[in-house]
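Asks: coordinates for the following, if possible.
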Amino acid sequence: MRSFFSNLNTGTRRGWELTVLALGQWWNDDAFRLASSLAFYTIFSLAPILLISVGLASVIFSEAEAKRQVIQQIELMTGSEGAVIARQVLNNLGRIGGNFKAILGGIITVLIGSTAVFVNLQSALNYIWKVKPAPGSSMWKGLIRDRIRSFGIVLSVGFLLIVSMGFSALVSGMQELGAQRMEGFSWVWNFSNVAISFIITTLLFAMIYKYLPDVRIGWGDVLIGAAITSGLFSAGKYLIGLYLGRTAIGSTYGAAGSFVVLLIWIYYSALISFLGAEFTRVYARRYGTRIIPEPHAVRIDSDADSAIPSQNPKRKRKTG
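Replies: Below is the predicted model:
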């Protein structure tokens, strides 16, 4: 029993130290500016990302059901205001004509627009993790590599969205069946929905932290940071919902209210993503494996890691 409380005390102390270090790095890296930039790019990438999401969801659903499921997932994350914007965007996309120029323009928009937000996110994560493309590296090769990688992340997000839809539909079906036979067990289905959402969100952040920046980092470090980010993300959805509900921002801005609410939610999500990235970097530096730049990248601020002393004895023996 004494060892249990000792380990609990040690874990609590380490968690607090990591949190303080991560918050300090998050503030020093000007996360608010990075989040503003990412929110701007996300708004203009919204239409192509929604188009890809509906296209992927149409593999297992009809087009109408795919749109409904995508809008429902957005409503679960952002509230009714975000769902209103998503519905308007999808309806407007459906009115685009079918001529060759419209189709060609749509393809270019999807390829460039859907990846723009992830290219910007990659740049922000590189800044947070103190790496940049190596001097003398080919600009065009780097541009193509970044776009292909970002489009892969877009497809992965769409795949996770489909998985989330499938599980949500399964849980809803089981809930309707169980309501007839097992009364009083609604908490089981509610817990299942929360758990599935947490797992899907954790996997999403893990993929972004693992594959988007120009670094090599271990899965163990990535999953810990992603789980922390997912927890903050889930808690934040509730808190920002309370804030938006009490301040009535949507009604204050009139016709643009839904847009403003969605923008605030994206801005908050970006801040949480960057805080999770800082936590991942701090944890990897202090207890995990070293974050190593890719062959085509270099470290830009080696002094930044001096504020995060390593306590990994195995790594000290390797580097010392």
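Asks: ok, which stretches of this protein are helices?
Replies: For the chain, the helices defined by DSSP state H cover 2-28, 31-57, 63-78, 80-93, 100-128, 139-181, 186-211, 219-247, 249-252, 257-286, 313-319.
Asks: which stretches of this protein have low pLDDT?
Replies: Scanning the chain for pLDDT under 70 picks out 1-8, 11, 78-79, 93-114, 136-189, 241, 243-255, 301-320.
Asks: swap in 50 and give it another go.
Replies: 98-100, 316-320 (pLDDT under 50).
Asks: so P133 touches A297, yeah?
Replies: Yes: between P133 and A297 there is a contact under C-beta atoms under 8 Å: 5.8 Å. C-beta: built from backbone N, CA, C; applies to glycine.
Asks: need the residues touching each of those two.
Replies: In terms of C-beta atoms under 8 Å, 6 or more residues apart in numbering, P133 and A297 are both contacted by the residues D214.
Asks: L204 and S269, how far apart?
Replies: The gap separating L204 from S269 is 11 Å, by C-beta to C-beta, to the nearest Å.
Asks: nope, A297 is what I meant
Replies: From A297 to S269 the distance is 26 Å (C-beta to C-beta).
Asks: what of Y283?
Replies: Taken as C-beta to C-beta, the span from Y283 to S269 is 21 Å.
Asks: what's around E63, how many residues?
Replies: 12 (other C-beta atoms under 10 Å).
Asks: again with the one 5 residues further on
Replies: Per other C-beta under 10 Å, the neighbour tally for R68 reads 17.
Asks: from A35, how far out is it?
Replies: R68 is 30 Å from A35, by C-beta to C-beta.
Asks: before we move on, what about F205?
Replies: 15 Å.
Asks: go on, V261?
Replies: 16 Å.
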